[in-house]
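1. got a structure for you, letters missing:
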């Protein structure tokens, strides 16, 4: 029995794949749960149409992410913090702090997309990576100065 997958199924395939499965598996699990549809001409054409639409949406989303990445690459965020001996910060600069500072500059970024190996605990200039999804990344310059 051939089916078109509507969802990613582990050890079987990805969305839109046409796969051959055992008739019982298809009839009793894949079809009733909506994870697949029968691979007839009508469903194949409908799936191809949905894939074209999804590709168009993905292209627009990637273009939007690229414009945001350009703005983020040009952005610089400055922080003033209290320091102790050897220019170590009392506390640290985290992804949340960076996201809030970017929001003040009208660049809204989810803090979970900001990649910091460890919170920033020293003075100076640091580069922080922002993963916007769809294989688009940007880097933001973070400058930490003594208060």
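-> Sure thing, it's come through. The shown structure was predicted, so the numbers you read here are calculated from the model rather than taken from an experiment.
2. packing partners of the one helix or strand residue 67 maps to?
-> If you go by DSSP states H and E, residue 67 is part of helix 41-74. Packing contacts for helix 41-74, counted by 3 or more CB pairs under 8 Å, 6 or more residues apart in numbering; DSSP states H and E, involve strand 2-5, strand 124-133, strand 136-146. Where C-beta positions appear, they are placed from N, C-alpha and C, glycine not excepted.
3. is it true that residue 140 touches residue 102?
-> Yes: the pair residue 140 / residue 102 is scored as a contact, 7.1 Å apart, by CB atoms under 8 Å.
4. shared neighbours, those two?
-> By CB atoms under 8 Å, 6 or more residues apart in numbering, residue 140 and residue 102 have these common neighbours: 72, 75, 77.
5. what sits closest to the residue sitting nearest the centre point of the chain if chain neighbours are left out?
-> For the chain, the residue sitting closest to the mean C-alpha position, by CA atoms, centre = their mean, is residue 133 at 3.1 Å. For residue 133, ignoring the flanking residues on the chain, the nearest one in space by CB to CB, 6 or more residues apart in numbering is residue 65 at 6.4 Å.
6. and that neighbour, how far from residue 132?
-> Separation of residue 65 from residue 132 (CB to CB, to the nearest Å): 4 Å.
7. what are the structural domain limits within the chain?
-> 2-61, 65-146 (automatic domain parsing).
8. reformat the ones you listed as JSON lines; add mean pLDDT.
-> Listed next are those as JSON lines, based on pLDDT from 0 to 100:
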{"stretch": "domain 2-61", "mean pLDDT": "92"}
{"stretch": "domain 65-146", "mean pLDDT": "90"}
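9. show residues contacting stretch 79-86.
-> For stretch 79-86, using CB under 8 Å, 6+ apart, the contacting residues are 89-91, 93, 97, 101, 123, 142-147.
10. pull out the buried members of those.
-> Neighbour-count burial (16 or more other CB atoms under 10 Å) applied to the contacts of stretch 79-86 gives 89, 93, 97, 101, 123, 142, 144.
11. just those now: which is nearest residue 45?
-> Distance to residue 45 across these (CB to CB) is lowest for residue 101, with 49.7 Å.
12. so what's the closest one up against?
-> 77-79.
13. out of those, who's the most crowded?
-> residue 77 (21 neighbours; other CB atoms under 10 Å).
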